[in-house]
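1. 3D model of this:
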Amino acid sequence: MSRSGKRETAAIEQVARHFGATWEDGGATSPDAYLTLDARRIAVDVAAIDPVVAEHAATAPRLRFDKVALRLISRLQAALSPRVPDGKVVILTVTAPIRLPAKTAAELERHIGECLRRGAMNGEINDTICANQTRVRFAKGIAGPASKVIVFVHNPDTDPRVLFDLTTGLLKRIGAAAEQRPPVAFSGDRWLVIADEQGSARIETYRHVYSQLRIASDFSKILVVLADGQVEALLG
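-> So this is what the prediction gives:
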């Protein structure tokens, strides 16, 4: 692949083996490669997660999905999403257990709402609210429909940087790939392949992060190729 490196080439080779397909270089413009599968020609873009992102994921985050956590997530997304400007996304992590959910949500809405009102959307905010450690990161969003507020509730032993890094990494890579277009004459499916240096323990985190992003794109399949050669689907 003329525009890609060793990791990207290894990833597309692994995908071709996984599906029993053949592949060819896409040349100097999008896509990175073409797969031929069951007589279908598929345009494939390949993106590698930055190594610095991968280093934060030595262990899989322990996320919480109990009723209290889900209600908090829903409330924060409903209250804050209309206030987030286009092209921005708010990523928020909260430690569990959440013993005062209504008060915790109200304080987070107030703090984040004030930052949005003042346009103070740089860097990261760390705070303790109702005995829960919270972190907020304002990041660049993508063009087109996608979530503007992403909330993770996790156990205290989880490093929230994993969640921040995977979220921003996926936004960056999916957004950049979506902006690249195959030739006008091409009318087949488009796939996105993401190459990651971590192992299979990370895939469930990927799936949860991706489900929160709610990105609309014209990729019919999004795959993750992990360090051990495992190929997993996020979409399709």
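2. quick one: low-confidence parts of this structure?
-> Low-confidence regions of the chain, defined here as pLDDT under 70, cover residues 1-4, 51-59.
3. do you know how far the residue of it positioned farthest from its centre is from residue 25?
-> Note on the chain: the largest C-alpha distance from the chain mean falls to residue 39, namely 31.4 Å (CA atoms, centre = their mean). Distance from residue 39 to residue 25, counting by CB to CB, to the nearest Å: 20 Å. C-betas here are computed from N, CA, C, even on glycine.
4. residues contacting residue 83?
-> 113, 116, 117 (CB atoms under 8 Å, 6 or more residues apart in numbering).
5. please report how far it lies from residue 76.
-> Residue 83 is 11 Å from residue 76, where distance means CB to CB.
6. quick one, what contacts the closest residue to residue 86 other than its chain neighbours?
-> Sequence neighbours aside, residue 141 is the residue nearest to residue 86 in space, at 7.4 Å (criterion: CB to CB, 6 or more residues apart in numbering). With CB under 8 Å, 6+ apart as the criterion, the residues that contact residue 141 are 86, 87, 88, 89, 148, 171, 175.
7. nearest to residue 154, of those?
-> The shortest gap between residue 154 and any of these belongs to residue 89, at 18.3 Å (CB to CB).
8. so who does the closest one touch?
-> Residues in contact with residue 89 (CB under 8 Å, 6+ apart) are 138, 139, 140, 141, 146, 147, 148, 149, 150, 167, 171.
9. for the first one, the count of nearby residues, please.
-> Looking back up the chat, that one is residue 138. Applying other CB atoms under 10 Å, we find 19 other residues in the vicinity of residue 138.
10. list phi and psi for it.
-> phi -100, psi 130 (degrees, to the nearest 10).
11. from residue 120, how far out is it?
-> As it turns out, when the distance is counted by CB to CB, residue 138 lies 8 Å from residue 120.
12. quick one, helices of the protein?
-> For the chain, helices defined by DSSP state H occupy the ranges 6-19, 51-54, 67-80, 101-118, 160-179, 203-213.
13. what subset of the contacts of residue 89 is buried?
-> Applying 16 or more other CB atoms under 10 Å to the contacts of residue 89, the neighbour count classes 138, 139, 141, 146, 147, 148, 149, 150, 167, 171 as buried.
14. ok, the fourth one touching residue 213?
-> Yes: when contacts are counted by CB atoms under 8 Å, residue 146 is listed as touching residue 213 (5.8 Å).
15. mutual contacts of those two, please.
-> Among the neighbours of residue 146, those also in contact with residue 213 (CB under 8 Å, 6+ apart) are residue 171.
16. got the domain ranges for the protein?
-> 6-55+168-235, 67-158 (automatic domain parsing).
17. compare these and report which one is nearest to residue 61.
-> Shortest distance between residue 61 and those, using CB to CB, is found for domain 67-158: 4.3 Å.
18. mind checking the end-to-end distance for the closest one?
-> As for domain 67-158, its first-to-last residue distance stands at 20 Å under the measure CA to CA, to the nearest Å.
19. stretch 147-161 now?
-> So stretch 147-161: terminal residues 19 Å apart, CA to CA.
20. chain center to that stretch: distance?
-> On the basis of CA atoms, centre = their mean, to the nearest Å, the separation between the geometric centre of stretch 147-161 and that of its chain is 13 Å.
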